[in-house]
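Sharing a model prediction with you, sequence too.
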Amino acid sequence: MIRGVCTGFMRGMRVRQTQALSLRTLRTTSAKRENAEATKWTSGPITHNKQFDIAGKKKHGVYAATSVALLGLLPAGILGPEVIQLPVDVSLSLLIPFHGHLGMVKVIEDYVPTVLRTPTMMTWYIVSLLTVVGLIKISVTDGGLCNNIKQLWRKPRAPLTQET
């Protein structure tokens, strides 16, 4: 009997201690969060410009949208009917280089020294433009981008033999 009373009392103490601990943790984490928001971007050698932050979020949103579009267009082009082949090929010819261009521009902005940034960006713009032109040429004249990808899984044709 005494043992049951003591066990119940101890359980009640543990529950109260846990509730007090969770309330204390909640208070300290909210205080830390408020303090972190107040001191965000104010210390350190890098100053934060809100205009660049918004531009970066927009670029990332466009980059994510191209990822989703590529995720849908690639299987549609490879597995879809011949009717949708040309529009999908042209869309892929524009989206693949644009997606790569956005990602590489971010890498150039982050890792290339300031002195070399302008020539590197100009070179990258030229490479991206040439990639678009080449992929559109493949899409329009050489049987299509998706058709060329399908060729990877087809059996090769038997070579023609010449009889003399």
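Okay, I see it. Numbers count the residues shown, from 1 in each chain.

now the helices for the chain?
Counting by DSSP state H, one finds helices in the chain at the ranges 2-39, 50-79, 85-111, 114-141, 145-150.

got the buried residues for the shortest one?
Residues of helix 145-150 classed as buried: 145, 146, 147 (neighbour count, 16 or more other CB atoms under 10 Å). For every residue, glycine as well, the C-beta is placed using N, CA and C.

now, which of those residues sits nearest residue 132?
residue 145 (12.0 Å; CB to CB).

Nearest residue to the closest one in space, please, no chain neighbours.
Using CB to CB, 6 or more residues apart in numbering and skipping the chain neighbours, the partner closest in space to residue 145 is residue 89 (4.5 Å).

Tell me how far that neighbour lies from residue 141.
According to CB to CB, to the nearest Å, residue 89 stands 11 Å off from residue 141.

Test my guess that the residue nearest to residue 145 contacts residue 143.
No. Look at residue 89 against residue 143 with CB atoms under 8 Å: they stay out of range, at 9.3 Å.

okay, the two: which has more neighbours?
Higher neighbour count among residue 89 and residue 143: residue 89, with 24 against 14, using other CB atoms under 10 Å.

which residues does that one contact?
Going by CB atoms under 8 Å, 6 or more residues apart in numbering, residue 89 touches 77, 138, 139, 140, 144, 145, 146, 147.

got it, and residue 100?
Under the criterion of CB under 8 Å, 6+ apart, the contact list for residue 100 reads 128, 131.

now do 10 Å
By CB atoms under 10 Å, 6 or more residues apart in numbering, residue 100 lies in contact with 66, 124, 127, 128, 131.

Please report how far it lies from residue 66.
Note on residue 100: its distance to residue 66, by CB to CB, is 9 Å.

now swap in residue 138 and tell me
19 Å.

ok, now residue 159?
Separation of residue 159 from residue 66 (CB to CB): 41 Å.

Compare those two (neighbour count), which wins?
Taking other CB under 10 Å, residue 159 and residue 66 do not tie; residue 66 has more neighbours (20 against 5).

can you pull the pLDDT of the more buried one?
Looking at residue 66, its pLDDT reads 92.

now do residue 115
Note for residue 115: predicted pLDDT of 94.

The one 10 residues further on too?
Per-residue pLDDT puts residue 125 at 97.

Other residues contacting stretch 129-138?
Under the criterion CB under 10 Å, 6+ apart, residues 89-90, 92-98, 100-101, 144-145, 147-148 lie in contact with stretch 129-138.
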